[in-house]
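>>> Kindly return the folded structure for what I paste below:
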Amino acid sequence: KVIDNDGLSAETTEQITVGTPANQPPVASFSFDPPSPVAGQTVTFTDTSTDSDGTIAQEKWDLNGDGNFNDATGSTATKAFGAGEHTVAVKVIDNGGATAIASQTIEVGAANQPPIASFTYDPPAPVTDRTVTFTSTSSDSDGTIASTKWDLDGDGKFNDASGTTASRSFSTPGVYTVRVKVIDDGGASAEAGEQITVAERATQAPTAAFGFSPSLPLTGQTITLTSSSSDPDGMIVSTAWDLDGDGQYDDAAGTTATTSFATA
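Numbering: from 1, shown residues only. I've put the predicted structure just below:
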């Protein structure tokens, strides 16, 4: 209706037909966890698609990159991969039948390789009451050894020592199990054990020896005698002297002794 400056008016009418708006397609997207997967690890894919004028009615997954969305259905899907690049895609359908596809390339790293546990021991032929030293020779092909623990008494618990070396002695002869456990910087572990044969320690006699000073003594001059005796499998615990040649070791004791001679 319009009115002019003279006050005259006019009207007109039209019929307007309003149709249903066209269905807007959804927007496809997804996330995955863990964000940096390694070989053999399960990866979970989660649909994050949206639809501006409706709802997501169906999700289909292509997890092996063959272009066919027949590997899984639903809002989540899981798969473990080998090392390398892998293409994963999701296809979503909204309640109006419109579709959308999203794909991502997943970089899968190599799995952590476990360490190799090993050790040596010295002496190689241990005997009773002598210290045996164990040295880890463990290695890790794709990282470093982060922890080394020892089971020295064969009870199955790695709580007797830690570090790359450990030592103990054995009071009785026999066969003893010693084990080492190592953990690498990726958390993988390995164990190694050996049976150690300990023999009875054979007692060997000491070797007696001594020197004297001065080397050309005179009558009445004090002569100092010093033992240089040794024991191949132990230590000298007693030293006694026969200074007058009577066959009796009752003239002095200790590693040194002194005497003098009145006649040449």
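>>> tell me the contacts of Asn95?
Contact partners of Asn95, counting by CB atoms under 8 Å, 6 or more residues apart in numbering, are Asp51, Gly54, Thr55, Ile56, Ala57. For the C-beta atoms, the positions are set from N, CA and C on the backbone; glycine is no exception.
>>> Can you tell me which of those residues are buried?
Buried members of these, scored by 16 or more other CB atoms under 10 Å, are Asp51, Ile56.
>>> so of the contacts of Asn95, which ones are in strands?
Ile56, Ala57 (DSSP state E).
>>> Which member of the contacts of Asn95 is positioned nearest Ala199?
Checking the contacts of Asn95 against Ala199 with CB to CB, the nearest one is Ile56 at 76.8 Å.
>>> Who does that closest one form a beta bridge with?
Note on Ile56: beta-bridge partners by DSSP bridges are Asp94.
>>> Now do it against Val92, distance only.
For Ile56, the distance to Val92 (CB to CB, to the nearest Å) stands at 5 Å.
>>> Now the common contact residues for the two.
Counting by CB under 8 Å, 6+ apart, the shared contacts of Ile56 and Val92 are Pro26, Asp47, Ser49.
>>> Neighbours of Ala89, how many?
Each residue near Ala89 was counted by other CB atoms under 10 Å, and the total is 20.
>>> end-to-end on stretch 114-130?
For stretch 114-130, the separation between the terminal residues is 34 Å (CA to CA, to the nearest Å).
>>> pretty sure Gly97 contacts Asn23?
Yes: between Gly97 and Asn23 there is a contact under CB atoms under 8 Å: 7.1 Å.
>>> How much space separates Gly163 from Val178?
Counting by CB to CB, the gap from Gly163 to Val178 is 15 Å.
>>> Compare neighbour counts for those two and give me the winner.
Val178 (21 against 10).
>>> Secondary structure element holding that one?
Here Val178, judged by DSSP states H and E, is contained in strand 174-184.
>>> and that strand, what's its mean pLDDT?
Model confidence over strand 174-184, given as mean pLDDT, is 97.
>>> Just give me the closest of the contacts of Asn95 to Thr222.
When the contacts of Asn95 are ranked by distance to Thr222 (CB to CB), Ile56 comes first, at 109.8 Å.
>>> check contacts around the closest one.
Pro26, Asp47, Ser49, Thr50, Val92, Ile93, Asp94, Asn95 are the contacts of Ile56 under CB under 8 Å, 6+ apart.
>>> ok, the second one - how many residues close by?
Counted with other CB under 10 Å, the burial measure for Asp47 works out to 20 neighbours.
>>> which residues does it contact?
By CB under 8 Å, 6+ apart, Asp47 lies in contact with Ser29, Phe30, Ile56, Glu59, Ser75, Thr76, Val90, Val92.
>>> In a markdown table, list these along with distance to Asp140 and secondary structure.
Formatted as a markdown table, the contacts of Asp47 follow (distance: CB to CB, whole Å; DSSP: H, G, I helix; E, B strand; the rest coil):
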| residue | distance to Asp140 | secondary structure |
| --- | --- | --- |
| Ser29 | 39 | coil |
| Phe30 | 36 | strand |
| Ile56 | 46 | strand |
| Glu59 | 42 | strand |
| Ser75 | 40 | coil |
| Thr76 | 35 | strand |
| Val90 | 38 | strand |
| Val92 | 44 | strand |
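>>> Buried ones from those, can you make that a ChimeraX selection?
Remark: buried members of these, expressed as a ChimeraX selection using 16+ other CB under 10 Å:
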select :30,56,59,90,92
